[in-house]
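**Student:** would you be able to build a 3D model of this:
(chains A and B)
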2 protein chains.
Amino acid sequence: MPQYSSMDKNTLLEEYRKLSDTYAEYKAQGLSLNMARGKPGAQQLDLSNDMLNVLTSETSFETIDCPDCRNYGGLAGIEEARRLFAELMGVEEKNVFVGGNSSLNMMFDTIACMMERGCSGEKPWNQQGHIKFLCPAPGYDRHFGVTQYFGIEMIPVPMTENGPDMDQVEKLVANDASVKGIWCTPKYSNPQGITYSDETVKRFAALNPAAKDFRIMWDNAYIIHDINGTPDHLLNIFDEVRKTGKEDMVFEFCSTSKITFPGSGVAALAASEANIKNLSERYQFQTIGHDKLNMLRHVLYFKNLDGLMAHMQKHRAVLEPRFNMVTDTLDKELSGYGIAKWTKPNGGYFVSVDVMDGCAKKVVQLCKEAGVILTGAGATYPYGSDPKDSNIRVAPTYPPLEELEKAMAVFCICVKLAALEKIINE
Amino acid sequence: MPQYSSMDKNTLLEEYRKLSDTYAEYKAQGLSLNMARGKPGAQQLDLSNDMLNVLTSETSFETIDCPDCRNYGGLAGIEEARRLFAELMGVEEKNVFVGGNSSLNMMFDTIACMMERGCSGEKPWNQQGHIKFLCPAPGYDRHFGVTQYFGIEMIPVPMTENGPDMDQVEKLVANDASVKGIWCTPKYSNPQGITYSDETVKRFAALNPAAKDFRIMWDNAYIIHDINGTPDHLLNIFDEVRKTGKEDMVFEFCSTSKITFPGSGVAALAASEANIKNLSERYQFQTIGHDKLNMLRHVLYFKNLDGLMAHMQKHRAVLEPRFNMVTDTLDKELSGYGIAKWTKPNGGYFVSVDVMDGCAKKVVQLCKEAGVILTGAGATYPYGSDPKDSNIRVAPTYPPLEELEKAMAVFCICVKLAALEKIINE
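**Tutor:** Okay, the predicted model is just below:
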C-alpha cells in the first residue's frame, strides 16, 4: 500500500473523488450512530440484571457493622463492601471508603476537600493562590473538567507507551510547590488503553514533590476490565508507596459502574488513614451516609473478588469481538497510508486513533455530517485543546454491533478524506 | 400540683430524696436506651420492603426521557421522578432536580455551589469576605454543621409558635448584605414541630434582602409526615414568591428518606430555572448522574402523590401511639411543677422539651448515667450553644415501644432532679 504522501497529485485527486462518492452514499442513508462515550451497551447491562433480584422483603438487613442497612448511618460504608473493594484494590479495609454511585463524584469531593480544608497540615488549596495540576494527555475529559471547575491550571504532560513521561513529571513536581497533583488512569488509560509500566508506578511512588500537599489522583477505572486473553498487569501503587513511606501521596478510585450498572453502581476510594480521616471530616457534614442497600445488593451478588472476576469474563465475551472489529477495520482500511496510528488495548473502553496532524477536528466534523457522532476532537486534552489536532477517541462499546460496523466504515473514509484534503492542499 | 418554686425547702429535699431513690433503681438496671436521633424504627422500615421487589430482570428500563435507566446520563433525574417530586412540592417539573440518597448532601452541594460560583451575578460567596447565615433556633444541628464547615457565621434567630421571629429576620436581611441566607424547616420544624404560619411564609416571600444573592434554604423534610388526624398546612412558598417575583430567593429540599429508607431514599430540590441552571453547571462536573434505578424503583412503587400519601398513613399508624405516649408521659409526670414546657406536634420526628434554664445539660448527663442517650444539650443551637441551656430534643421514633416507655420514665425523673437541684441550691 503506497503512502498518500508519496502519491502524485492526480492519483490523490482520483482517490479523493472515489472516497467522496462513497462518503456521499453513506450521508444519503441519514445515519444516526454514536461512538462518543464510554458507555456499556445493553447486552452488558443485561449481565447484571439478576442483581436486582438479590434484595427482597425476606433479606436480612443486618450486616457485620450495621444493625440495619436500610437506616441512616455508616459514613464509610458497610464492612462487607469495604472488604470487597479492599480485595479489589489490594489494600486493607481500614484504607477504604465506600461512597455513592459515582467515582467521579468522589474525585470531585476529594478535590473540593483539598480546596476547602487542605491536607498534610498545609493551607487549603483555595488559600494558596494560583495552583496547578499535571494532566497526562491525551486523558479523560471529566478529570480535566473537575480541575477546570475549581480554577486549577492544567499542565499537560505527554503520554508514552509506559504511561506519563516521568522525566517531565519528576521535574515539574520537584521544582514547583504550586503543582498540587496529577490525574492518572493507570490501567487501560482513557483513551489510549495504556497500562503504566512497573517502572512508571515505582517512579510515581518515589516522587519528591516540592508541595507537601501534592496528591496523585489514581483513577483505577478499568481495574479488572480486560477485553482479551492477554490482560495487562498494573503494580499496586499502595504496595509501592508503603516502601517509600509516601502513603499520603495517593488517592485511588474505582467503581462498579462498568461492572454492574453505570448509573447505579457503587464507588469507592482507597487512601492512607490520614487521608481517610481528612476526607471523613468533610463527608460527615455532607451526608449521613451513602446508599447501603445498594452496597449490600452488590456484596450479596458478587460475594468476593472471584465473583467480580468471573462476572468480568462475561463482559469480555461481549466486548472482545467489538474491539477486534474496530481494530481489524482500522488495520484493513487505514494501514499503510501513513495517515493514522491507533492503539490495540487489552482492556478499557476506548481505541485511540491519531490521525494526521491538523485533521482530527475535520474528521469529527465529516463524521458528524454523515450521522456518526464521535467524542469531540480535543476533548482528550486539557482545555479541550489538542496542540496537534490529531487525537480521536473511539468508543466501541455502546452501539449495536451492526451500527458499530457501519460507523467504523464511515470513520475510516473520513480519516482518509481529511488526510487527502490536507495533502492535496499543501 | 404545687409548683416546685413555691415549695418549702424540706418538702423539696424530701421530694429530691424520693426521686433519687427511684433514679438509683433505674440506674441499677444497666439500661441502654437511645432517643438521640430522628431515625425511623424497624417497623417503619418494614413498610417499604416491598419496594425492593419492584425492579427485576423483567422490568422495562426505558422511561419517558431515558432510553435505559441502568446506563449513564440524566443529570436532573428521570422525568417520572421529577414529576413525582413536582407533585409533592407543588411546583412544575422543570423546577425540580432529583439527586442521590441524601437531601442533606444536596443542601451541602447547594451551599458549596454558592461558595464557589456565586449566584444572581454576584461574586462567589468565598470571595466576599466574612458572610453570615440566619439560623432559627432551636433548629437542625446538621444545617448548622454545613454552615460551620464553610466558615459562615451563624446568627441565631428565635423561634416563635409561628416560625422564626420575622421582625428580626426582616431587619437582619435588610440591613446587612453579608447575610446570605437562612435555614428553614418550615413544616413540623426540627425540633419543635412548628409549622410556619401563612403570614410567616408570605413575609418570607416578600423579604427585601440587602444581598442580591440571599437564599432561603427551605428544608421541607417533613412535607407529608403527619402523625395524627389534625395535620398542619404549610403555604406553598413557590406560589408566594411567584406573586412577589422573588423565585430566585428560594431553594426547597425534600426526600423520601423518612418515607422509604433513610439510607436509600431519593432526594430532590425545587428552584427557579435560573437557580437550577446555576446548580447544574456545577453538578455537570461533579457527576454524570444520580442513581436512576432507585428513582425508578420509587416511581413504580408509589406512582403518584396519592401513593405517597397512602403510604404515610402507615407511618402515622406506627408513630401516633409513640408520640401520644411521650406527650402523655410528659403531661402526667411533669405538668404543674413549673419546671418544663413541651410541644405536641402534629407531625415530624421530635418532641421539644424546654426544661428550667440552666438545666438541659444536667438532664442529658443524668439520663446518660442511667443509660438513656438523648441528643446532646445545645445541639439544636448554632455552635452547639443554647444560651439558656434549656432545650432538649426527644426523638421517639427509633427505640422499641417498651424501651421508649422506660426511657421517658427516666427522662422525667431526670428533669425533676435537675430542677430540684437548681431550686434547692439557689
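
**Student:** any idea how many residues pack against the nearest residue to A:Glu199 once chain neighbours are set aside?
**Tutor:** Using C-beta to C-beta, 6 or more residues apart in numbering or on different chains and skipping residues adjacent in sequence, the residue nearest A:Glu199 is A:Asn162, 6.8 Å away. All C-beta spots, glycine's among them, are computed from the backbone N, C-alpha and C. As a burial measure, A:Asn162 scores 16 neighbours (other C-beta atoms under 10 Å in any protein chain shown).

**Student:** could I get the pLDDT score of the closest residue to A:Lys9 other than its chain neighbours?
**Tutor:** With C-beta to C-beta, 6+ apart as the criterion, A:Lys9 has its nearest non-adjacent residue at 6.8 Å, and that residue is A:Ile424. A:Ile424 carries a pLDDT value of 94.

**Student:** where's A:Ile424, which helix or strand?
**Tutor:** Take DSSP states H and E as the rule and A:Ile424 turns out to sit in helix A:401-425.

**Student:** which positions within the host helix or strand of A:Leu172 qualify as buried?
**Tutor:** With the criterion set as DSSP H and E, the secondary-structure element containing A:Leu172 is helix A:166-175. Within helix A:166-175, the residues that count as buried by 16 or more other C-beta atoms under 10 Å in any protein chain shown are A:166, A:168-170, A:172-173.

**Student:** distance to A:Leu305 and pLDDT added to those, as JSON lines?
**Tutor:** Formatted as JSON lines, the entries for these read as follows, by distance: C-beta to C-beta, whole Å; pLDDT from 0 to 100:
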{"residue": "A:Met166", "distance to A:Leu305": "30", "pLDDT": "98"}
{"residue": "A:Gln168", "distance to A:Leu305": "35", "pLDDT": "98"}
{"residue": "A:Val169", "distance to A:Leu305": "31", "pLDDT": "98"}
{"residue": "A:Glu170", "distance to A:Leu305": "33", "pLDDT": "98"}
{"residue": "A:Leu172", "distance to A:Leu305": "36", "pLDDT": "98"}
{"residue": "A:Val173", "distance to A:Leu305": "33", "pLDDT": "98"}
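
**Student:** hang on, the earlier thing: my guess is the residue nearest to A:Lys9 contacts A:Tyr16. True?
**Tutor:** Yes - counting by C-beta atoms under 8 Å, A:Ile424 sits close enough to A:Tyr16 to count as a contact (6.6 Å).

**Student:** which of the two has more neighbours?
**Tutor:** Set side by side, A:Ile424 and A:Tyr16 show unequal neighbour counts under other C-beta under 10 Å, the larger going to A:Tyr16 at 18 against 14.

**Student:** which strands and helices lie in contact with the helix holding A:Leu172?
**Tutor:** Packed against helix A:166-175, as judged by 3 or more C-beta pairs under 8 Å, 6 or more residues apart in numbering or on different chains; DSSP states H and E, are the following elements: strand A:132-137, strand A:153-160, strand A:179-184, helix A:198-205.

**Student:** what's that helix in contact with?
**Tutor:** Defining contact as C-beta atoms under 8 Å, 6 or more residues apart in numbering or on different chains, one finds that helix A:166-175 is touched by A:134, A:155, A:157-158, A:179, A:182, A:199-200, A:203-204, A:207-211, A:214.

**Student:** centre of the chain to that helix, how far?
**Tutor:** Its chain's C-alpha centre and that of helix A:166-175 lie 23 Å apart, by C-alpha atoms, centre = their mean, to the nearest Å.

**Student:** tally of neighbours for the residue of the stretch 51-200 of chain A found nearest chain B?
**Tutor:** Using C-beta to the nearest C-beta, A:Ser57 is the residue of the stretch 51-200 of chain A that sits closest to chain B, at 3.6 Å. Counted with other C-beta under 10 Å, residues neighbouring A:Ser57 total 11.

**Student:** could you verify that it is part of a helix?
**Tutor:** No - going by DSSP: H, G, I helix; E, B strand; the rest coil, the assignment for A:Ser57 is coil, not a helix.

**Student:** can the helix or strand bottoming out on mean pLDDT in chain A be said to contact chain B?
**Tutor:** Lowest mean confidence among the helices and strands of chain A (mean pLDDT, DSSP states H and E): strand A:33-35, at a mean of 92. No - under the criterion of C-beta under 8 Å from any C-beta of the partner chain, chain B is not reached by strand A:33-35; the shortest gap measures 11.2 Å.

**Student:** would you mind naming what in the stretch 251-400 of chain A lies close to chain B?
**Tutor:** When proximity is defined by C-beta under 8 Å from any C-beta, the stretch 251-400 of chain A lies next to chain B at A:257, A:261-264, A:282, A:284-294.

**Student:** again, only this time at 10 Å
**Tutor:** When proximity is defined as C-beta under 10 Å from any C-beta of the partner chain, the stretch 251-400 of chain A approaches chain B at A:257-258, A:260-267, A:281-297, A:398.

**Student:** buried subset of the residues you listed, written for ChimeraX?
**Tutor:** Only the buried entries of those go into this ChimeraX selection, using 16+ other C-beta under 10 Å:
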select /A:257,258,260,261,262,263,264,265,266,267,282,283,285,286,287,288,289,290,291,292,293,294,295,296,297,398
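
**Student:** and A:Gln43, that one's in a helix?
**Tutor:** Yes - under the criterion used here (three-state DSSP), A:Gln43 sits inside a helix.

**Student:** hang on, the earlier thing: so which of the buried residues of helix A:166-175 is the closest to B:Tyr149?
**Tutor:** Relative to B:Tyr149, the closest of the buried residues of helix A:166-175 is A:Val173; by C-beta to C-beta it sits at 29.8 Å.

**Student:** I'd like to know how far that closest one sits from A:Trp218.
**Tutor:** Applying C-beta to C-beta, to the nearest Å, the value for A:Val173 to A:Trp218 is 15 Å.

**Student:** cool, and A:Leu12?
**Tutor:** Using C-beta to C-beta, which is the criterion applied here, A:Leu12 is 46 Å from A:Trp218.

**Student:** quick one: which of those two has more around it?
**Tutor:** Relative neighbour count places A:Trp218 above the other of A:Leu12 and A:Trp218, with 28 against 17, counting by other C-beta under 10 Å.

**Student:** assign the nearest residue to the more buried one once chain neighbours are set aside to helix, strand or coil.
**Tutor:** With C-beta to C-beta, 6+ apart as the criterion, A:Trp218 has its nearest non-adjacent residue at 4.3 Å, and that residue is A:Glu252. A:Glu252 carries the three-state label strand when classified by three-state DSSP.

**Student:** what's near enough to touch A:Glu252?
**Tutor:** Applying C-beta atoms under 10 Å, 6 or more residues apart in numbering or on different chains to A:Glu252 gives the contacts A:85, A:89-91, A:95-96, A:184, A:186, A:216-220, A:223, A:236-238, A:268-271.

**Student:** point out the residues in the stretch 101-250 of chain A that sit beside chain B.
**Tutor:** Within the stretch 101-250 of chain A, the residues that sit near chain B (C-beta under 10 Å from any C-beta) are A:101-109, A:111-112, A:115-117, A:126-127, A:142, A:144-151.
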